[in-house]
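Colleague: following is a predicted model, sequence given first.
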Amino acid sequence: MVTVEIILFASLRDRYRVRKTVVECDGTTRNLIESAARRLGKSFLASVYDSDKDKVRDDLIFAINGRNIKDLKGEIELKNGDVVAIFPPVAGG
Amino acid sequence: MARGFMGKILRVDLTAKSVITEEVDEKIARKYLGGKGYGVYLLYQYIKEYAMRGISVKDMDPLGPENPLIFMTGPGTGVPGFPSSGRHHVMALKSPLTGSIGSGNSGGTWGATLKFAGFDGVIFEGASDVPVYLSIVDGKAQLRDAGDLWGKNTFDTTRILKKAVGRKRASVMCISTAGENLVPMAMIMNDDHRALGRAGVGAIMGSKGLKAVVVAGKEKVPYAKMDEFVPVSKRCLEAIENNPVSGEGLPAYGTAVLVNVINTAGSLPYKNWQTSVNPDAEKISGEALAEKYLVKKGSCWGCNIACGRITSVKSGPYQILATEGPEYESLWALGSATAVKDLAAITKANHYCDEFGIDPISVGSTIAAAMELNEKKCIPEDDLQGLDLTFGNAAAMVEAVWRIAHKTGFGKYMAAGSRKLCEFYGHPELSMSVKGLEMPAYDPRGIKGIGLNYATSNRGGCHVTGYTIAPEIVGIPEKLDPLATEGKAQWAKVFQDFTCVVNSTVNCLFTTFALGAGDFAELLSAVTGWDYTDAEILKIGERIYNLERVVMNRLGIDGKDDTLPPRLLNEPLPEGPAKGQVADLDKMLGEYYKLRGWVDGVPTAAKLKELEIEL
Ligand code: SF4
């Protein structure tokens, strides 16, 4: 098991009333979100994870140590101390 | 005249105090649309005319009477149902800040209202010996004395002129303190808080003695094919509403939500770009702004996105009871670049920028450069006159904004912009600018495509010339790795060309999160009656970008200027997810020139012929 910090932003922060939470998981993104959902509420899973496609929802920015998951190559394996930042659909400026 | 246009442009000779009406040239409008495209075409005509009269545009004083100032709308502007189309565009031959072309786009209601008053654009030439303003009401244009208005700020000028016209829906565009003081970073404001922000167009207006242009009218913009327009408009408006960015992200949080996004990506420049991870980003973020100071959302004319933020700081030393913003760029420039973490101070400074009409990006960046010069002990104490320009000093930052607009104390030195300031104190490398225009809030060491866009942007360090942040960070229309260089040349080119279409249509760039060239082709075809294809639309954009480049070449700007500050090319980012990265411009620029058909930043004769540009 690994310990990962999750930081929520914008409407996700408002909705789950938490800025940061630290969770234990088996190193997969699915298990990370499931573990977080046990603390934040069931709906968190659907807010962040697309269970049909078995991956993080496409319209979010899901960054591991600042790198968007969509830009990371190969199998994702979270490590101890990783920081995951999750943004709902955001804007330009 | 084709539909979508009112068919008339005003030409105002401020020296002679004459106003004449000209017809819109249909052939030019077909080839260049309106807005920026038509404006660039007009600028090139000035170059030809000046060449015949023996006037060198290279040596021309940007604050002299020869510099034309052109305000244009486009065929989409003011058309009900044409997405986010209350906007207008400005073009000037030479910016007092950069020496390159002056260009800008603003929202609000002024653009649409100019068309309701009966005109597509206004060209100002010469300079008035006394302050004047132009009144355009119900098809009649008159120059009037502005002696009593000179010295008044944006909000007073707006209120007084609206009252003078006596129409609820009148719209005022004006300069304020900075424009009158010929500060090369001065903006032209409209509808109180909307701005033609960059490249010092406000100083050009000030040099002409032109205080304001007030517009009012009730005419309707003619459509060509109403039956075709209605379903296309409906589909496009729905696409905007259903898009996660334009339908959800922008309306909910405005642009300010990007502070945390870009900081997370390690690309939010901090302390004059010495690093790009801001430890205090949360304190100046969109989330913090929404929690502390947001009152309600605001919108420009005819926009279903409504990204504007009406805010209020209720108490404390930076109290400001009613204002708008700050937007993402202001939060960054006045906050992160200067390491100021007091959100109330940033909100107040941003309000000053609107009140005195001065560009928050250039001002914040120049203050940040002064702070680094001061940190390195390069500024004599006597010059500073007691201003403690230390990174993080919120009070000094707010004071500096005021001093720059009023050109007093050390503000006199900073008012010249970061390039001249840093040159003056012997450290030109500390100016974080391209072609003299201060760069906005994305570090290209962590987002490579935007660096190529900054370097090749015609008006200088500008993000909205080719907003590659959409694919590189937001993932629209597809996700690109911000740290990769492959393929970025093509993306930068397409975004730059497509943005020219938007700025010539004229509507809002934010619609392009949901709409593509095909949608613009359909909307414009239905409004004008000309049948555009998507390929033709992109070709128009490319034509505009190339003619603009030709104008710049005549001003002496070319490939030598298509570069980035040495810090971005040589100093790797010290921390964060992009640690160790530099901008890698050399890996992209050659491919970009090849795709453009340019040699050393100059379009080839073959390219100009292909684009049917006649010089
Ligand atoms: S998206 Fe924002 S800036 Fe653009 S037209 Fe709408 S309100 Fe104005």
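Modeller: Nice, I can see it.
Colleague: at the contact with chain B, which residues of chain A appear?
Modeller: For chain A, the residues in contact with chain B (CB under 8 Å from any CB of the partner chain) are A:9-11, A:13, A:59, A:61, A:63, A:65-68, A:70-71, A:85, A:87-93. From N, CA and C alone the C-beta is placed, and that goes for glycine too.
Colleague: which of these fall within helices?
Modeller: In this view, these that belong to helices under DSSP state H are A:10-11, A:13.
Colleague: out of these, which is most surrounded?
Modeller: Highest neighbour count within those, by other CB atoms under 10 Å in any protein chain shown: residue A:10, with 25 neighbours.
Colleague: rewinding a little: check the residues of chain A next to chain B for burial and list the buried ones.
Modeller: A:9-11, A:13, A:59, A:61, A:63, A:65-68, A:70-71, A:85, A:87-93 (16 or more other CB atoms under 10 Å in any protein chain shown).
Colleague: okay, now the unreliable bits of chain A?
Modeller: A:91-93 (pLDDT under 70).
Colleague: residue B:9: what secondary structure?
Modeller: With DSSP: H, G, I helix; E, B strand; the rest coil as the basis, residue B:9 sits in strand.
Colleague: against residue A:67, how distant is residue B:579?
Modeller: From residue B:579 across to residue A:67, the span is 11 Å (CB to CB, to the nearest Å).
Colleague: how about the CA coordinates for the lengthiest helix in chain A, as PDB?
Modeller: Longest helix of chain A, by residue count under DSSP H: helix A:29-40. Taking Å, rounded to 0.1, in the frame of the first residue of the first chain, the C-alpha atoms of helix A:29-40 are listed here in PDB:
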ATOM      1  CA  THR A  29      -5.800   5.400  -9.800                       C
ATOM      2  CA  ARG A  30      -9.000   3.400  -9.500                       C
ATOM      3  CA  ASN A  31      -8.200   2.200  -6.000                       C
ATOM      4  CA  LEU A  32      -7.000   5.700  -5.100                       C
ATOM      5  CA  ILE A  33     -10.400   7.200  -6.100                       C
ATOM      6  CA  GLU A  34     -12.300   4.300  -4.400                       C
ATOM      7  CA  SER A  35     -10.400   4.900  -1.200                       C
ATOM      8  CA  ALA A  36     -11.100   8.600  -1.300                       C
ATOM      9  CA  ALA A  37     -14.800   7.900  -2.100                       C
ATOM     10  CA  ARG A  38     -15.000   5.900   1.200                       C
ATOM     11  CA  ARG A  39     -14.100   9.100   3.000                       C
ATOM     12  CA  LEU A  40     -15.700  11.800   0.800                       C
END
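Colleague: right, and the helix or strand after whichever strand or helix holds residue B:491?
Modeller: Residue B:491 belongs to helix B:488-505 when assigned by DSSP states H and E. Beyond helix B:488-505 in the direction of the C-terminus, DSSP H and E gives the next helix or strand as helix B:517-528.
Colleague: so which elements touch that following helix?
Modeller: Applying 3 or more CB pairs under 8 Å, 6 or more residues apart in numbering or on different chains; DSSP states H and E, one finds that helix B:517-528 contacts helix B:226-242, helix B:488-505, helix B:534-554.
Colleague: helices or strands up against the longest one?
Modeller: If I follow you right, that is helix B:534-554. Where contact means 3+ CB pairs under 8 Å, 6+ apart, helix B:534-554 is packed against helix B:26-32, helix B:35-52, helix B:488-505, helix B:517-528, strand B:602-603, helix B:605-610.
Colleague: mind putting those into TSV with mean neighbour count?
Modeller: What follows is these, written out as TSV (neighbours: other CB atoms under 10 Å in any protein chain shown):
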stretch	mean neighbour count
helix B:26-32	17
helix B:35-52	21
helix B:488-505	25
helix B:517-528	24
strand B:602-603	18
helix B:605-610	13
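Colleague: export the ones you listed to TSV and tack on distance to residue B:391 and mean pLDDT?
Modeller: Shown next, in TSV, are the helices and strands packed on helix B:534-554 (distance: least, CB to CB, whole Å; pLDDT from 0 to 100):
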stretch	distance to residue B:391	mean pLDDT
helix B:26-32	45	97
helix B:35-52	37	97
helix B:488-505	32	98
helix B:517-528	44	97
strand B:602-603	40	98
helix B:605-610	45	97
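Colleague: is it possible to get TSV of the ones you listed that adds distance to the ligand?
Modeller: As requested, the helices and strands packed on helix B:534-554 are exported to TSV (distance: least, CB to the nearest ligand atom, whole Å):
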stretch	distance to the ligand
helix B:26-32	22
helix B:35-52	14
helix B:488-505	10
helix B:517-528	15
strand B:602-603	31
helix B:605-610	32
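Colleague: can you list those in a markdown table and add distance to residue B:92?
Modeller: A markdown table is the format used below for the helices and strands packed on helix B:534-554 (distance: least, CB to CB, whole Å):
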| stretch | distance to residue B:92 |
| --- | --- |
| helix B:26-32 | 17 |
| helix B:35-52 | 8 |
| helix B:488-505 | 14 |
| helix B:517-528 | 26 |
| strand B:602-603 | 21 |
| helix B:605-610 | 23 |
